[in-house]
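J.: quick one: sequence and predicted model below, then my questions.
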Amino acid sequence: MTDKDKSRSESSSDIADIVREVANNVKEVVEEMREDMKAVAQELGLSDPAVRSAGGSPVSDTPGPADDNRYNPHPVEMKWFERWEADPSLYASDPASDKKKYYVVEMLPYPSGALHMGHVRNYSIGDALARYMWMNGYNVLHPMGWDSFGLPAENAAIKNRRPPREWTLNNIANMKAQMKRLGFGYDWAKEVTTCLPDYYRWNQWFFLKLYEKGLAYRKKSKVNWCPECQTVLANEQAKNGFCWRHETTRVEQRELEQWFVRITNYAEELLQDIDQLGEWPESVRKQQRDWIGRSEGALVDFKLEGQHGPAGEKISVFTTRIDTIYGATSVQLAPEHPIVTDLIANNPELLSKVEDLIAEQRGAKEKGDIGSIDKHGVDTRRFAINPFNGEKVPIWVANYILMDYGTGAIMSVPAHDDRDYEFAKKYGIDTRVVILPRREQEPPEAGQPEEPVLPFTAEDSILINSGEWNGLSTVDAQLKMAAYAEKSGFGKGTITYRIKDWGISRQRYWGTPIPMIFCQKDGVVPVPEKDLPVLLPDNVEITGESGSPLARVPEFVNVKCPKCGGNARRETDTMDTFVDSSWYFYRYTSPVNDKPFDSEVANYWFPIDQYIGGAEHAVLHLIYSRFWTKFMRDLGMVKVDEPAKRLFTQGMVTKDGAKMSKSLGNVVSPDDMVASYGADATRLYTLFAAPPDQGLDWQDKGVEGISRFLGRVYRFVLRNAKPTDPAWDAPVPAELSPAARGLQRKMHQTIKRITDDFAGRWHFNTSIAAVMEFVNELYAAEGSERSTGAPPAIPLKLLADIQRNLVLMLAPFAPYLAHELWTMLGEDASTLLRHPWPKYDAALTKVDEIEIVVQINGKIRGRLVVPANATDDQVKQLALADEKVKAALEGKQIVKVIVVKGKLVNIVVR
Ligand SMILES: [Zn+2]
Ligand SMILES: [Zn+2]
């Protein structure tokens, strides 16, 4: 065995160990959960639910307000939990199926330790949809996974001295058990765990492909550095410019060589293809357009004036309004523009002022509100030359100019730009008008034109005070002046994007090691594909100090160069975790081990039919994963241009109007809710309390209400399920009593309402409200029967259909209760998941109408079509509103109106 073989077989046994460990963790947690549920059942004085339900006849139950809480979800849910747990292929998909495919994905969670209500809402939406599509006969793929690399694991390691992997795998086990308890129908055979080598080795493989195609490169870039920790800080660890662990230590900016992915190569396509995403929320499409930030404009070089400056240096400004260049009265630089240091090198006072500008800008960026920064600037007392008119303009440094937009330098034209105007007013910088509103009949040359109100920014204007360009229109001038700049060698027309290349280097431990090697002789050498994965070493001490944790592990760092065999060292940076989430949904389709996924299988499932997640991912994840898809398409691995056909973004869950957080003490734990009300009620409430795309403010009373509603459904079926009665499946008579017809209509209306909602806006809150109304009518019908003591006016077969459809309609939302009721109706529970979704009969949803006669003083004066179930008062109003009747009543006084139900209205007049 060569050394290399040995290390590889070690690594594969490592992987097997890890997989075993995960499986054991999950088993343990599920076992604990079973014990908990038994304890709850005992506390409530219930016998073993399995025994109870095996008996077949549920405990007797009579209706009445006093019994509103009689349905106990715990034993029922535990019974079904056990059955579903025993059938791992229950939610499996079948790519060989001839049914139509449906791929629904909810964004995978970060395994922080426990699900929060936002997760429960997200997965309840996705699960309802998956179940609905199963019932509609689709071949459904509904997987789940773990976005399990990232900083919190390292922070936890520092705090608790617990290795990140152990912490993470434990959290996964917990959350997986929670998901199972909530009854989410995931195909766990497709589970993806991004922190395991069988996944991240493909991140490394993709990185090699990116490198091969020139799409991964290294360049110097600034990072946050804490001089106390002696390490790089993530942005979220550098709060307001201070270290998160050393609150009085200012974070410095250091330049480090880092890896970048050339996402800008795809900027134009990422922008154009937003047009293909018609079924994404418009707000997300807009945010993506803004993020990509395409602007057409020009680059113009302003030379540095004077003998002091670095000779021949120039400042390249980007402008979208080259037509206003004669109005430029200063050049403004981003505080981090590289030339700034040179310009003010000998002036410590200016230097410290620029430091302040940097800090202000960083603060505003962290708040995500750079647009409303209080604008400050510093005059460098240096000048640049406008190449169009040879004029000398002062150079300023300003806190609102961003280094990562355009060139980090602008020409400031106060007369024709809002921001420039505000800034110039503040600092007394000159303002010069160079464009005027276009006036058709009165060209600007004719006499003294009127000054426009400043800043005047309209695009439809005419140039003045601009030398040979006077009289041109803006559009014309932009083309001609850019061409002139290019011909003269000091500029050109250009397109710039706000989006920057994706910096993926992280000086962190808990991430995918970047598979590169540095050799003294050969420079940067990629790890050969056959040597993947580069395993993340265990037993690395995480202190949060003294640089990258991997750099302190000699066994990891020291390596032989794959090219020359000499001593070399490994890259110790790990990848941004957005790499992990850029392609995980492809891996779901076929978690195989000799490639990232099986292309043929992926081509069957893609695009994702429905992607569901938080609106906070509108950019970043949803841009990176779109880029990754295009990159994989160009590698020939997939056929789609876009990963997801439809996107749904759910609203946030709050409590008392505030985001749930430990510090506010307003966190509602899913575990507590499930323990109090059961999984069905918890899920149903997250769907019922608000339209899913809007915010939901949690109300404990609301969950209680939902749990009472489930109790009402349960008790109704308990009383009315008579599957052994011969009439249960006898044909429904054609003639129904009005009461029976009313219920039949309500049933069809309710089915229609939910079916329409699934196809439309997903306002499940109204769907569920419709089911509640339906149940209310069922109760009312029962009540009227009882009070009259008459024999049931509802044929048993109709009552059977009503109950079956009621259960089918609840199945996507409250699967536990639905399964229980399904067996109570004499059906086979194993058929419910894929039982056809009920169909409504459009004709039966309509209210019956009847014709009645309208008499005045006993003479027929008209006929009226009214709803069969209209009340006497409604009929009277309709009769009086009839045009013919109105005419006949003209000038007469109504003495009395007599309504004979279903027949006529007699109006007595004087
Ligand atoms: Zn520090
Ligand atoms: Zn070498």
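T.: Everything's here; your move. Ligands and ions are numbered 1, 2, ... in the order given.

J.: show me the shaky parts of the stretch 1-150 of the chain.
T.: For the stretch 1-150 of the chain, the stretches with pLDDT under 70 are 1-26, 29-30, 33-34, 36-69.

J.: can you do 80?
T.: Applying pLDDT under 80 to the stretch 1-150 of the chain flags residues 1-70, 95.

J.: can you show me the strands along it?
T.: For the stretch 1-150 of the chain, the strands defined by DSSP state E, counting those that start in this stretch cover 101-106, 139-141, 145-146.

J.: and the contacts of the second one?
T.: So the one you mean is strand 139-141. Contacts of strand 139-141 with the rest of the structure, by CB atoms under 8 Å, 6 or more residues apart in numbering, involve 93-95, 97, 99-104, 130, 133-134, 187, 190, 588-589, 605. Where you see a C-beta, it was placed from the backbone N, CA and C, and this is true even at glycine.

J.: again, but for the last one
T.: The set of residues external to strand 145-146 that reach it, using CB under 8 Å, 6+ apart, is 108-111, 172, 175, 190-195, 584, 587-588.

J.: with distance to ligand 2 added, can I get the strands of the stretch 1-150 of the chain in CSV?
T.: Listed next are the strands of the stretch 1-150 of the chain as CSV, based on distance: least, CB to the ion, whole Å:
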stretch, distance to ligand 2
strand 101-106, 43
strand 139-141, 45
strand 145-146, 37
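
J.: for the closest residue to ligand 1 within the stretch 701-850 of the chain, give me its contacts.
T.: Residue nearest to ligand 1 within the stretch 701-850 of the chain: residue 703 (43.4 Å; CB to the ion). The contact partners of residue 703, by CB under 8 Å, 6+ apart, come to 673, 676-677, 681-682, 685.

J.: which helix or strand contains the closest residue to it other than its chain neighbours?
T.: Distance criterion CB to CB, 6 or more residues apart in numbering; nearest residue to residue 703, sequence neighbours excluded, is residue 685 at 4.5 Å. Assigned by DSSP states H and E, residue 685 belongs to helix 679-688.

J.: can you mark which positions in that helix are buried?
T.: Neighbour-count burial for helix 679-688 flags 679-688 (criterion: 16 or more other CB atoms under 10 Å).

J.: pretty sure residue 305 sits against residue 392.
T.: Yes. Here residue 305 reaches residue 392: they are 5.5 Å apart, a contact under CB atoms under 8 Å.

J.: touching both of the two, which residues are there?
T.: 383-385.

J.: and the helix holding residue 685, what does it pack onto?
T.: helix 73-85, helix 117-135, helix 670-677, helix 700-720, helix 764-788, helix 815-824 (3 or more CB pairs under 8 Å, 6 or more residues apart in numbering; DSSP states H and E).

J.: paired strands for the helix or strand just after that helix, with orientation please.
T.: Using DSSP H and E, the helix or strand that directly follows helix 679-688 along the chain is strand 696-698. Strand pairing for strand 696-698, using DSSP bridges, gives strand 653-655 (parallel).

J.: what's in contact with the partner strand?
T.: So strand 653-655 is contacted by 116-118, 121, 660, 666-668, 686, 695-698 (CB under 8 Å, 6+ apart).

J.: and those residues, which are buried?
T.: Buried residues within the contacts of strand 653-655, defined by neighbour count using 16+ other CB under 10 Å: 116-118, 121, 660, 667-668, 686, 696, 698.

J.: I'd like the residues you listed written out as JSON lines, with distance to ligand 1 added.
T.: Shown next, in JSON lines, are the buried ones among the contacts of strand 653-655 (distance: CB to the ion, whole Å):
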{"residue": "116", "distance to ligand 1": "29"}
{"residue": "117", "distance to ligand 1": "34"}
{"residue": "118", "distance to ligand 1": "31"}
{"residue": "121", "distance to ligand 1": "37"}
{"residue": "660", "distance to ligand 1": "29"}
{"residue": "667", "distance to ligand 1": "29"}
{"residue": "668", "distance to ligand 1": "34"}
{"residue": "686", "distance to ligand 1": "40"}
{"residue": "696", "distance to ligand 1": "38"}
{"residue": "698", "distance to ligand 1": "37"}
